[in-house]
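Colleague: need a 3D model of the following:
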Amino acid sequence: MNPLRRLFYLSVVNTVAFIIGSQIAHTWLNPMKDYKDFITKAEAEYQAHQEELREVEDYLDKKREQRLKQIT
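Modeller: Predicted structure coming up:
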């Protein structure tokens, strides 16, 4: 086999192996980076839910105070 052709094939194989290896390393070493959008969305939903709970609690407190005023 021609040495230049062999060198070319080896460089192509090494490049492909490097690309595959870097993708695997990225996934193994930093798995949460891929879920950043999911985590951000979940945090936003959690904050919205907490705000709704606060609003409901405030509403119930107002109603409770109104009923106490009516009773007394």
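Colleague: what comes up buried for the helix or strand where Val12 lies?
Modeller: In the assignment (DSSP states H and E), Val12 maps to helix 3-29. By neighbour count, with 16 or more other C-beta atoms under 10 Å as the criterion, helix 3-29 contains no buried position. C-beta coordinates here come from the backbone N, C-alpha and C atoms, glycine included.
Colleague: report the rounded mean pLDDT for it.
Modeller: Mean pLDDT, computed over helix 3-29, is 90.
Colleague: repeat that for stretch 58-71.
Modeller: If you average the pLDDT over stretch 58-71, you get 93.
Colleague: sorry, back to before: downstream of the helix holding Val12, the next helix or strand is which one?
Modeller: Once helix 3-29 ends, the next helix or strand along the chain (criterion: DSSP H and E) is helix 36-71.
Colleague: name the helices or strands packed onto that following helix?
Modeller: Taking 3 or more C-beta pairs under 8 Å, 6 or more residues apart in numbering; DSSP states H and E as the contact definition, helix 36-71 has no neighbouring helices or strands.
Colleague: number of residues surrounding Lys63?
Modeller: Counted with other C-beta atoms under 10 Å, residues neighbouring Lys63 total 10.
Colleague: and His26, how far from Met32?
Modeller: From His26 over to Met32 the distance is 12 Å, taken as C-beta to C-beta, to the nearest Å.
Colleague: how about Gln66?
Modeller: For Gln66, the distance to Met32 (C-beta to C-beta) stands at 48 Å.
Colleague: equivalent analysis for Asp58, please.
Modeller: 35 Å.
Colleague: could you do Lys62 as well?
Modeller: From Lys62 over to Met32 the distance is 42 Å, taken as C-beta to C-beta.
Colleague: and Arg67, by the same measure?
Modeller: Taking C-beta to C-beta as the criterion, Arg67 is separated from Met32 by 48 Å.
Colleague: please save the CA atoms from stretch 5-23 in CSV.
Modeller: C-alpha atoms of stretch 5-23 as CSV (Å, rounded to 0.1, in the frame of the first residue of the first chain):
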residue,chain,number,x,y,z
ARG,A,5,-2.6,6.5,1.2
ARG,A,6,-2.0,4.6,4.4
LEU,A,7,-1.2,7.9,6.2
PHE,A,8,-4.4,9.5,4.8
TYR,A,9,-6.5,6.5,6.0
LEU,A,10,-5.0,6.6,9.4
SER,A,11,-5.6,10.3,9.8
VAL,A,12,-9.3,9.8,8.7
VAL,A,13,-9.7,7.0,11.2
ASN,A,14,-8.0,9.0,14.0
THR,A,15,-10.2,12.0,13.2
VAL,A,16,-13.4,9.9,13.4
ALA,A,17,-12.3,8.2,16.6
PHE,A,18,-11.5,11.6,18.1
ILE,A,19,-14.9,13.0,17.2
ILE,A,20,-16.7,10.0,18.6
GLY,A,21,-14.5,10.0,21.7
SER,A,22,-15.1,13.7,22.4
GLN,A,23,-18.8,13.3,22.1
